[in-house]
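Enquirer: Okay, sequence plus prediction incoming.
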Amino acid sequence: MTFPIPFGKIDERFLTHRLKSTSLAGILGALVAVGFWAHDYYFNGIWRWDLFAVIATMAAVKIVAMIWYRLTD
C-alpha cells in the first residue's frame, strides 16, 4: 500500500510509531488535565467540572478499550 507522501511507502514501523505516539499523547493530555484540575482545586478552591468531565471521559474510554481488546483478542 503506497501513499503519495515525500518519504515513500508507509510500512508497519510507521504505523507502530504512530500507535505509540498517539497513546503517549493521550496519556500526557490526561495528566495535563489532571494537573490543571488539581491546581484549581487545591490552590484556588475551585472545582472545575469541565476538566473533571474530560478526565473521567478519558479514563472511561481507556478502561472500556482495554476490556474490549482483552475480550476480543
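Expert: Thanks, I have it. From a predicted model like this one, the values you see are computed outputs, not experimental measurements.
Enquirer: Tell me where this protein has strands.
Expert: For the chain, applying DSSP state E gives strands covering 2-5, 8-9.
Enquirer: Worst mean pLDDT among those?
Expert: Among the strands of the chain, strand 2-5 carries the lowest mean pLDDT, at a mean of 56.
Enquirer: Please tell me the pLDDT value assigned to residue 20.
Expert: Listed pLDDT for residue 20 reads 86.
Enquirer: so where's this protein uncertain?
Expert: Applying pLDDT under 70 to the chain flags the ranges 1-9.
Enquirer: list the buried ones in the longest helix along the chain?
Expert: Of all the segments assigned as helix in the chain under DSSP state H, the longest by residue count is helix 12-44. For helix 12-44, a neighbour-count test (16 or more other CB atoms under 10 Å) marks 30, 33, 34, 37 as buried. All C-beta spots, glycine's among them, are computed from the backbone N, C-alpha and C.
Enquirer: how far away is residue 57 from residue 29?
Expert: Separation of residue 57 from residue 29 (CB to CB, to the nearest Å): 12 Å.
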